[in-house]
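Undergrad: what's the 3D shape of this:
(chains A and B)
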Amino acid sequence: MNVWIAIGATALGCYLVKLLGLSVPAGVLERPLVQRLAALLPVALLAALIAQQTFADQVSLVLDARAAGLGAAAVALVLRAPFLVVVAAAVLVTAGVRALA
Amino acid sequence: MRDDRAVVRDALGVGIAVGLSGFAFGVTAAGAGISLAQTCALSLFVFTGASQFALVSALAAGGSPLTAAAGAFFLGFRNAFYGLRLSRLLGLRGGARLAAAHWVIDETSAVALAQRGQHAVRLGFTVTGATLFALWNLTTLLGALGAEALGDTDAWGLDAAGPAAFLALLAPMLRTGVERVTAGLAVVLGLGLLPVLPAGVPVLVAALAAPLVLLVHNGVLPGRRAERGGERKGKEESR
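TA: Sure thing, here's the model as predicted:
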């Protein structure tokens, strides 16, 4: 039930934000500072999420196979690999390190 | 003005390439313990990838539904700025605007904003949106079904799919020092606060890295202007 509440809130919030952009008069959100903040928020959120999903086990910090997987994804990105190849590299290396351990 | 076929070709290219990445989402959601119906509902009704990934990972980490939704919401806020720029170019009103809003995301905006003239903008937006929506939802379903068939997704390394997908989304955003410092500070906050705050909250606090870095940056360099100014040409509202 909790999951459905989260899904409903996210769906509603994300839709209203999309509609807001199409509906408000230009100028309201066009201040440079607001625009820069909107561009920078995803950077902060994504970076924090990546770190937690890679190095967290509940509330403690760990270094395990996921870190190797993320490293592989980073290498794939530097080599300009397409999105699915980046994800596949992380999955394969993580599985490989776990199999060896 | 560009040929319609060239617009459709660009739109299909983006729609297909990104639409296929629904696999990664379906697999990640299933691995996070989200049911098949819930996973599909997310792709159908949220339809903005980063927010969907964020929500399932926050729920998997034990975050409360509203904390999890808040993180996803903040990630989706950039879509408002795409809509703002698309609004005049698409020139939609009423029901058409309500329907189009659901497709205002990174990829449709990138394709539509690259076109000249209302016809090409609408064509690019519609073809990208339709292709991406159909494929994203189909591959979400297939990814979730595939992950369920595999059983223990961690043994297959599938818990690394989420962070890798995020990294692929984040990498092109790290253009200048401001973005890199923000990302670094967010990592420190996100990990450092993990043991002391309830699940899901550290990510929201880490989001404060964005206004903090902007504040310091603007304070240190007061005369600095946004790099890409001077884009505003149309004076009148299209509505």
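
Undergrad: Enumerate every residue touching the residue of chain A found nearest chain B.
TA: Nearest residue of chain A to chain B: residue A:21, at 2.2 Å (Cβ to the nearest Cβ). Every residue, glycine included, has its C-beta placed from N, CA and C. Counting by Cβ atoms under 8 Å, 6 or more residues apart in numbering or on different chains, residue A:21 touches A:29, B:79-87, B:104.

Undergrad: chain center to the helix or strand where it lies, what's the gap?
TA: With secondary structure defined by DSSP states H and E, residue A:21 is part of helix A:2-23. From the chain centre to the centre of helix A:2-23 is a distance of 18 Å (Cα atoms, centre = their mean, to the nearest Å).

Undergrad: after it, next one along is what?
TA: Immediately after helix A:2-23, counting by DSSP H and E, sits helix A:32-55.

Undergrad: Give me the next element, helix or strand, following that following helix.
TA: Along the chain past helix A:32-55, the next helix or strand (assigned with DSSP H and E) turns out to be strand A:56-57.

Undergrad: Just the residues contacting that following strand, thanks.
TA: The contact list for strand A:56-57, computed with Cβ under 8 Å, 6+ apart, reads A:62, A:64, B:61, B:191, B:194.

Undergrad: That strand: partners in the sheet, and parallel or antiparallel?
TA: Using DSSP bridges, the strands paired with strand A:56-57 in its sheet are strand A:60-61 (antiparallel).

Undergrad: what domains does the record give for the chain?
TA: No chain specified, so I'll use chain A. Domain ranges of chain A: A:1-25, A:26-100, per automatic domain parsing.

Undergrad: Can you look at chain B instead?
TA: Looking at automatic domain parsing, the domains of chain B come to B:4-158, B:174-223.

Undergrad: Could you list the low-confidence segments of chain A?
TA: Scanning chain A for pLDDT under 70 picks out A:26, A:29.

Undergrad: could I get the domains of chain B as JSON lines with distance to chain A?
TA: JSON lines is the format used below for those (distance: least, Cβ to the nearest Cβ, whole Å):
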{"stretch": "domain B:4-158", "distance to chain A": "2"}
{"stretch": "domain B:174-223", "distance to chain A": "3"}
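
Undergrad: Just say which of those is most tucked in.
TA: Comparing these by mean neighbour count (mean count of other Cβ atoms under 10 Å in any protein chain shown), domain B:4-158 ranks first with a mean of 21.

Undergrad: and it, what's its mean pLDDT?
TA: Average pLDDT, domain B:4-158: 91.

Undergrad: For that domain, measure first residue to last.
TA: End-to-end span of domain B:4-158 (Cα to Cα, to the nearest Å): 40 Å.

Undergrad: still on that earlier bit, so which of the contacts of residue A:21 sit within helices?
TA: Counted as lying in helices by DSSP state H, out of these, are B:79-87.

Undergrad: right, so of the domains of chain B, which gets closest to residue A:93?
TA: domain B:4-158 (7.2 Å; Cβ to Cβ).

Undergrad: residues of stretch A:34-50 that come out buried?
TA: A:35-50 (16 or more other Cβ atoms under 10 Å in any protein chain shown).

Undergrad: returning to that earlier point: closest to residue B:74 out of the contacts of strand A:56-57?
TA: Among the contacts of strand A:56-57, residue B:61 lies closest to residue B:74 (Cβ to Cβ), at 16.4 Å.

Undergrad: Give me the nearest residue to the closest one, chain neighbours excluded.
TA: Nearest residue to residue B:61, sequence neighbours excluded (Cβ to Cβ, 6 or more residues apart in numbering or on different chains): residue B:199, at 5.0 Å.
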